[in-house]
Every structure is written in structure tokens, then in C-alpha cells.
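Asker: Can you look at this prediction? I've put the sequence above it.
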Amino acid sequence: MALGRTYSVALVGLNGYIVEVEADIGQTLPAFVILGLPDASLNEAKERIRSAAQNSGIPLSRRKITANLIPASLPKRGSGFDLAIAMAVLLAANDIRATGRTVFIAELGLDGRLRPVRGILPAVMAAVRAGYPEVVVARANVAEAELVPGAQVRGYATLARLAFDCGADPQDLALDFEPEPDDTDGPGTGTGPVLPPDMCDVSGQAAARRALEVAAAGAHHLLLTGPPGAGKTMLAERLPGLLPDLGDTEAMEVTAIHSLCSLPSGSVQLLRRPPYENPHHTATAVAIIGGGSGLPRPGAASRAHRGVLFLDEAPEYDRGVLDALRQPLESGELVIHRSAGSAAYPARFQLVLAANPCPCGKATGKGVDCICTPTMRRRYQARMSGPLLDRVDIQLEVERVSLAGFGQPAPEEGTASIAERVRAARGRQLDRLLPFGMETNAQVPGRLLRGALRLDAPTTRILDYALERGVLTARGYDRVLRLAWTLADLSRRDVPDGDDVGQALGLRQAAAASP
Amino acid sequence: MRAKDVLGRRGEELAAGYLESVGMRIVERNWRCPEGEIDIVALDGDALVIAEVKTRKSLAYGHPFEAVGADKLARLHRLASAWCRVQGLRMPPCRVDVIAVLDDGTGEPAVEHLRGVG
């Protein structure tokens, strides 16, 4: 038989599709053709495969080789098809026996070694879901592939070893070749895990500490306004540490996205901790949202999925970039269209914005040192659009640390004990909100807040008064209610009382920038 | 004669013998014109066959077939029409075959034959 058939996976965003690889050997002059919309790196596979096979001791046929990747209309990219094509060609030449429904995902080195590729986790997930549980990957990808439940993963270091196991004639095979494990192989040699920053480093700032705890407990978006040096960045960096560990499904989602973005380094595990992304304020919309030529790649918003997206100096961002975040804030998903197709990436992140009160940064407190004109100040604050700020539940003004609060001997409460309270509060939310299909207070719509979860009139009197006087908008009213529920959860009360509502109103209105 | 020419000569002998053994009739060998040389002109039934013979001692510099590129093929087609012109023939059905002879000097040389290679 001059036709070989193997399987691989093509990724479009996080979705994988099984690709059938057919190889045919024609009785004509030597050539190698790859069909099925290959990109440049996939077209170079021809040379990699020829050399790899030659150096493994099983040279490819000296005839015309045609490899067809099915479905032909789906654009394919990257080097992950190398192994599947090589195996199909060897199969067509009867050098090995049929491999059945095994899926091959690896890049080939010229010396015949198998190299790891990006996105192995979503690819294996897709293979298992499509009913192809047997997967062959490069050794450095094994740990990641094995994270997928139900996958039967085999890892190989070289093409020669794999061919041997598939019944190739051992006489000519270069079985002695054992590549040195490189950086991407096995346990990493890099630095150990970096200890996340701890809340006990934050001196004073009682109000900000409280706001951070509330934000963590209810997954509320947060805006920190304050002069330079007040500790906005310091606080934001400590938010991921307060969040509870990710559940199994969430951890898979997060690990899959990060698998797309980087090659495996060191021992790969499920990412159990919420990720933290802090792009620079010169970042473009594509860098934040995702995109790029050909098939779109995930941006910072997707890498922050189930974690924290921190935009420092938020007014310095292009307005278009900030407003582009409104859609994922609503839907938790980003659908990006490009020439080679569209990709959907999850992007359910907790947004933390930090801003100076004005261009010179001194318009805080009485603002006597501020040299900005009122127009400058207004224009600066207007860069964060109303619709965006509408979605930010907590808007807090961070004051400069006073001498009294700075360097005081009494140690501040550390991350661990705050995180414990946050975890308990999340548990209470889950019990209450799961019947409605939600997990955190931040997700609760106003309809529910004023419906099934309605508070009695005496509790909300202060809010009703504020609404009546026009201090609070209807949307602001709902956000205060959400915060009040989180405050009640934190103090282990079943229903918010008047104090919670009062405190919530304080968290909402503290920022001068509040609409 | 130099060693490589001796090898080539022997390869062409082998190739001619091989073509006759599969039922072709050799019409002309080593036909030259200003544009180049045709190794073997043969008749396979009614079809005119222009055969190019490539001989190698080993695979160290690649397979003989790999030495026949697009340029070479185009030249063979031009040579085919030149040959027909000289013979006073209207263009008959014509194809180009390539024959690879691998002769490492230790035993029976291996002959491979590709028909109608474009």
C-alpha cells in the first residue's frame, strides 16, 4: 500500500479539531508536497521530516511524497504536525505498521529528536473529546498531556524509538541516539517558585486593606485612585494571593490558555493559583484583547482569565483599549476574527485599575500642591469612560501613608489569614447563589438584587435617600447592594444589615472620580 | 576515459539492456546536438521514449533520481523535439523516462525505472 494515514490536532484558539494526515507515494521524480492550507512553518516540515527520518535510520522514499491534511479547508499552522506527517509517510512506504487512531503531536528536530510544542493541553483535550484518547507527544510534553483526564499518553525522545515501537526494522534504526535533555525537557533548572507578595508588607492603609479583602471576597472589580507612592501597585499585586485556589475546571481553562502562550518549562502542573497580568500602559488593543496575523492569539485579558488583570496608570491607556475591555467584562469571553479564522478565548478576569487623581498626581486630600487646572483634571479622569467605570464596583481613594501608620512596630495581618476569611465568604456566596447559576456577588444582576434577594426597607433606607437626592444612580444603587452582600458574607451574616449597607456606600463613593 | 565516464557508460549499457528486457526497442543511443545529449531513444509500442540514465556508486551525494531537476526535464523535452525534427518526424506521442543505476561494485547493480516523469 502506498498510502499512509495518521491523526493529529489543529488548534483554532482553544478549540482543537482532529486532522487526518494522508500520505501518498507516487512513482515519479522525488518531491515533497504538503496540501491542506499549511502556513510557512508547516511547509518547512518537509525538510525537517526528510532530515529527521534520514538521521533516524529510516530514510523517506525517493519518490514523490504527497501529504494531505484533512479537512483541507481548515488553515493549519505550526510545527506540531511534523510527527504525524512523518509517520504517515513511513506508513505509506510500509516501513512501519498501521498506528490506528493514535494522535501524533510533536515537532521534529533534524537529528530525529521529538521536540515539544505549544498548546499541547488544549490539543489533547480536543483529541480525547473527539474519541481519540491515544496520544503520542514529545517527552517534554508528557506531563502536560497527562493532565487531561482519560488521555493515554506516550512520550518519546526520538523518532527512531517511536518507529521501533511501531514495528520498524531495528537493524538500521539509530536507537543509540539519546538526545541530551534540554531546558524544555524534564524538571526545569530555573529559579524555584517566587514567593507571592504578602499583605503583611502593607503598613497602615486600613481602608485600602479592607477594600482589597472585600474585592477578593466578592470578585468585585476595583479602582484605586491615589497619589504616586501611595501603594496602589503594591496593593494590586497582593490581590491574587487573597483569592481562593481554582477548581478543577477553572484550572484546566487557565492552564490551557497558558499552554498556548508558552512552551513548557520545568515540571508542568495544573495552574491552581489565579493568574496575574499587569500589561504596560503603552499596550495596544491587540496585546490586551488578543489578535495578531493569521489565527488570533490570546492577549493579556485572556491570560488573566480566572485571575487578576491589573491596569496601572489606567488613564494613560488608549481609550480604545480600555473600552475594548467592556465586552469581556460583560460576557467573560473574547471572540476575535482574523483572516485565517476566528477564535474564542475565555476572559473572565477581575479588573483592577489604578490611577493618579490628576496629571501631576497631587490632587489628593485638600490638593493644595496640585498644579493642574480643573480642565486638565477633568480631562484626565474622563479618559476612563463612564461605561467602563460603571462596571467597577469598588472605587477607592488610596491616601498617602501617614507617619503614624508607617513603620509602626505592630505587624500587619498577613495574606494567609485574610485569604481564609475570603475563602469562607466565597463558600457562603456559592451556597446562596448556586441555585441562580452564579458563584460570586459581583455576577448578581440588579433584577435579582431587587427581586429574590431584596433587603427590607429599613436596611436600605440610607440608599433610598441617596437615590432620591440624586447622589446615587440606579446602577450605583445595585453595586452598593452587591458590596453589602459581600460585607455580610465576610462578617458571617446571612443577610446584610444597615451597617453593611453604610460601609458599602462608603466603598462606592470614596473615589472623587465616581460618576 | 575517466572513471566517472566509465561508470556512466556502464550504467547506460545496463539501462539499455533493461529497457529491451521490458519490451522496448532501442532506436538510438547517445544522440548529440548543440543543445545536449539524449542517452537513449527507444520505442515503447507506438510511444517514443526519451530516456535519461543516471548512474551512481553510492547514495552519499543523494539518489540518482534527485539529480534530475526541473531544468533537466525541460531540456529533455526540448531535445525530444529536436530529435524528431532531425528525423523528419511529426511530433509523435512522446514521454521522458528516467533510469537510475546504483552500482556499488559489489554485486548486481540496482536498476530503477520511472516512466513519464512530466
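Answerer: That came through, no problem.
Asker: residues near residue 39, how many?
Answerer: Picking chain A for this. A:Asp39 has 14 neighbours, counted by other Cβ atoms under 10 Å in any protein chain shown. From N, CA and C alone the C-beta is placed, and that goes for glycine too.
Asker: Switch to chain B, please.
Answerer: If we define neighbours as other Cβ under 10 Å, then B:Asp39 has 21 of them.
Asker: ok, and the closest non-adjacent residue to it?
Answerer: Spatial nearest neighbour of B:Asp39, excluding adjacent residues (Cβ to Cβ, 6 or more residues apart in numbering or on different chains): B:Val53 at 4.5 Å.
Asker: next one: A:His220
Answerer: A:Asp393 (3.8 Å).
Asker: one step back: isn't the residue nearest to B:Asp39 right next to B:Gly11, touching?
Answerer: Yes. Using Cβ atoms under 8 Å, B:Val53 is in contact with B:Gly11, at 5.4 Å.
Asker: quick one on the thing from earlier: from the structure, what's the count of residues near the residue nearest to A:His220?
Answerer: Around A:Asp393 there are 25 residues (other Cβ under 10 Å).
Asker: contacting residues for A:Arg306?
Answerer: A:Leu246, A:Glu250, A:Glu253, A:Val254, A:Pro274, A:Pro275, A:Arg348, A:Phe349 (Cβ atoms under 8 Å, 6 or more residues apart in numbering or on different chains).
Asker: Give me the distance between the closest residue to the fifth one other than its chain neighbours and chain B.
Answerer: Counting by Cβ to Cβ, 6+ apart, A:Gly307 is the residue found nearest to A:Pro274 once chain neighbours are left out, at 3.6 Å. Taking Cβ to the nearest Cβ, to the nearest Å as the criterion, A:Gly307 is separated from chain B by 54 Å.
Asker: same check, this time on A:Ala256
Answerer: On the measure of Cβ to the nearest Cβ, A:Ala256 and chain B end up 43 Å apart.
Asker: any idea how far B:Tyr61 is from the closest residue to A:Arg97 other than its chain neighbours?
Answerer: Closest residue in space to A:Arg97, ignoring its immediate chain neighbours: A:Gly167 at 4.1 Å, by Cβ to Cβ, 6+ apart. Distance, A:Gly167 to B:Tyr61, using Cβ to Cβ, to the nearest Å: 31 Å.
Asker: Pull up the overlap in contacts between B:Val53 and B:Gly11.
Answerer: Residues touching both B:Val53 and B:Gly11 by Cβ under 8 Å, 6+ apart: B:Val101.
Asker: Quick one, grab the pLDDT at the closest residue to chain A within chain B.
Answerer: Closest approach between chain B and chain A, counting by Cβ to the nearest Cβ: B:His63, at 4.3 Å. pLDDT recorded at B:His63 is 87.
Asker: mind listing what it touches?
Answerer: Residues counted as contacts of B:His63 (Cβ under 8 Å, 6+ apart) are A:Pro30, A:Arg62, B:Arg56, B:Ala100.
Asker: and if you look at A:Ala343?
Answerer: So A:Ala343 contacts A:Val12, A:Gly13, A:Leu14, A:Asn15, A:Gly290, A:Leu295, A:Pro296, A:Val335, A:Ile336 (Cβ under 8 Å, 6+ apart).
Asker: Show me which pair in those is furthest apart.
Answerer: A:Asn15 and A:Gly290 (14.2 Å; Cβ to Cβ).
Asker: Quick check, A:Ala230 in contact with A:Glu397.
Answerer: No. Applying Cβ under 8 Å, one finds A:Ala230 not in contact with A:Glu397, separated by 9.1 Å.
Asker: which SSE is the residue nearest the centre of chain B in?
Answerer: Central residue of chain B (Cα atoms, centre = their mean): B:Glu52, 2.1 Å from the mean position. B:Glu52 belongs to strand B:47-56 when assigned by DSSP states H and E.
Asker: Buried residues of that strand, list them for me.
Answerer: Of the residues in strand B:47-56, B:Leu48, B:Val49, B:Ile50, B:Ala51, B:Glu52, B:Val53, B:Lys54, B:Thr55, B:Arg56 count as buried by neighbour count, 16 or more other Cβ atoms under 10 Å in any protein chain shown.
Asker: and if you look at stretch A:53-62?
Answerer: Buried-residue list, stretch A:53-62, by 16+ other Cβ under 10 Å: A:Ala53, A:Asn55, A:Ser56, A:Gly57, A:Ile58, A:Pro59, A:Leu60, A:Ser61, A:Arg62.
Asker: Run through who's touching it.
Answerer: A:25, A:30, A:32, A:49-50, A:86, A:89-90, A:92-93, A:95, A:110-112, A:158-160, A:163, A:168, A:172-174, A:177, B:63, B:65-66.
Asker: And stretch B:98-116, by the same measure?
Answerer: Outside stretch B:98-116, the residues touching it (Cβ under 8 Å, 6+ apart) are A:27-29, B:7, B:10-11, B:14-15, B:18-19, B:22, B:51-59, B:63-65, B:68, B:95-97, B:117.
Asker: go with 7 Å
Answerer: With contact meaning Cβ atoms under 7 Å, 6 or more residues apart in numbering or on different chains, stretch B:98-116 is reached by A:27-29, B:7, B:10-11, B:14-15, B:18, B:51-58, B:63-65, B:68, B:95, B:97, B:117.
Asker: For residue 44, grab phi and psi.
Answerer: No chain specified, so I'll use chain A. phi -70, psi -10 (degrees, to the nearest 10).
Asker: wrong one, I was asking about chain B
Answerer: For B:Asp44, the backbone dihedrals (degrees, to the nearest 10) come out as phi -110, psi 90.
Asker: what does A:Glu237 give?
Answerer: phi -60, psi -30.
Asker: follow-up on the earlier one: any idea which of the contacts of A:Arg306 is the one closest to A:Ala382?
Answerer: Closest to A:Ala382 out of the contacts of A:Arg306 is A:Phe349 (24.1 Å), distances taken as Cβ to Cβ.
Asker: Quick check: the gap between that closest one and chain B.
Answerer: For A:Phe349, the distance to chain B - Cβ to the nearest Cβ - is 55 Å.
Asker: List the contacts of A:Arg209.
Answerer: A:Arg209 is in contact with A:Met199, A:Val202, counting by Cβ under 7 Å, 6+ apart.
Asker: Quick check: closest non-adjacent residue to A:Leu37.
Answerer: Per Cβ to Cβ, 6+ apart, closest to A:Leu37 is A:Pro75, 4.4 Å.
Asker: ok, that neighbour touching A:Ser342?
Answerer: No. Counting by Cβ atoms under 7 Å, A:Pro75 stays clear of A:Ser342, with 11.6 Å between them.
Asker: Residue numbers of the stretch 51-200 of chain A in contact with chain B?
Answerer: Residues of the stretch 51-200 of chain A lying close to chain B (Cβ under 7 Å from any Cβ of the partner chain) are A:Arg62.
Asker: Would you state the helices of the stretch 51-200 of chain A in chain order?
Answerer: A:82-92, A:120-129, A:142-145, A:159-165 (DSSP state H, counting those that start in this stretch).
Asker: Output the below-cut-off pLDDT ranges for chain B.
Answerer: B:1, B:118 (pLDDT under 70).
Asker: again with the stretch 251-400 of chain A
Answerer: Of all residues in the stretch 251-400 of chain A, those with pLDDT under 70 make up the ranges A:263-268, A:365.
Asker: from it, which residue is nearest to chain B?
Answerer: For the stretch 251-400 of chain A, Cβ to the nearest Cβ, closest residue to chain B: A:Gly294, 30.2 Å.
Asker: middle-most residue in chain A, spatially?
Answerer: Geometric middle of chain A (Cα atoms, centre = their mean) lands on A:Arg303, at 2.6 Å.
Asker: Quick one: neighbours of the closest residue to it other than its chain neighbours, just the number.
Answerer: Counting by Cβ to Cβ, 6+ apart, the nearest residue to A:Arg303 once its immediate chain neighbours are dropped is A:Glu277, at 5.2 Å. For A:Glu277, the tally of surrounding residues (other Cβ under 10 Å) stands at 19.
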